[in-house]
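# Take a look and give me a structure for this.
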Amino acid sequence: QVQLVESGGGLVQPGGSLKLSCAASGSSLERYSIAWFRQVPGKEREGISCISSLDGATWYAASVKGRFTISRDNAKMSVVLQMNDLKPEDTAVYHCATDRAYCSRSYGTWGQGTQVTVSS
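Residues are numbered from 1 along each chain as shown. Okay, here's the model as predicted:
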């Protein structure tokens, strides 16, 4: 069973950038598609990106497309979410999670999350 730990969150001004990392342990990362979702209290969980285990294909929610980039390094057991041009509405707790092969937003295991706050 894979375990996931997120890092890299923080406070950033609108228009700024952050790089979130998802470190995996306990199982080979290449077996899993890895997704990022975010959670705001009182709101539904929002899936924002995924990278497939099958062919490395990526998916982005419309709300982040063109601003966020997901990548993976199976050898380093890591998935990175590069977030640029951040907006106040990006404020949330960000989690990485295992997903089904075709990034169907069927999350299996996820980490504790990392807080991202976008504010001036």
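# list the contacts for the closest residue to S71 other than its chain neighbours?
Counting by CB to CB, 6 or more residues apart in numbering, V80 is the residue found nearest to S71 once chain neighbours are left out, at 5.1 Å. The C-beta positions use only the backbone N, C-alpha and C, and glycine is treated the same way. V80 sits next to K19, L20, S21, C22, I70, S71, R72, D73 when contact means CB atoms under 8 Å, 6 or more residues apart in numbering.
# What is the burial count for the second one?
L20 is surrounded by 23 other residues when neighbours are defined as other CB atoms under 10 Å.
# Are we agreed that it is in a strand?
Yes - counting by DSSP: H, G, I helix; E, B strand; the rest coil, L20 is part of a strand.
# what's across from it in the sheet?
Listed beta-bridge partners, L20: L81 (assigned using DSSP bridges).
# doesn't G8 make contact with it?
Yes - counting by CB atoms under 8 Å, G8 is a contact partner of L20 at 4.2 Å.
# Overlap in contacts, these two.
Overlap between the contact sets of L20 and G8, as judged by CB under 8 Å, 6+ apart, is given by T114.
# From start to finish, how long is stretch 55-67 in a straight line?
One end of stretch 55-67 to the other measures 22 Å (CA to CA, to the nearest Å).
# Quick one: the helices in this protein, in order.
For the chain, applying DSSP state H gives no helices.
# So for it, the centremost residue is which one?
Nearest to the geometric centre of the chain sits W36, at 2.7 Å (CA atoms, centre = their mean).
# Return the residues in contact with it.
For W36, the contacting residues are 20, 22, 47-50, 70, 79, 81, 94-97, by CB under 8 Å, 6+ apart.
# and the residues you listed as a markdown table, adding pLDDT and distance to A61?
Below are the contacts of W36 laid out as a markdown table (pLDDT from 0 to 100; distance: CB to CB, whole Å):
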| residue | pLDDT | distance to A61 |
| --- | --- | --- |
| L20 | 98 | 15 |
| C22 | 98 | 17 |
| G47 | 97 | 6 |
| I48 | 97 | 5 |
| S49 | 98 | 7 |
| C50 | 98 | 10 |
| I70 | 98 | 11 |
| V79 | 97 | 16 |
| L81 | 98 | 12 |
| Y94 | 98 | 13 |
| H95 | 98 | 14 |
| C96 | 98 | 15 |
| A97 | 97 | 14 |
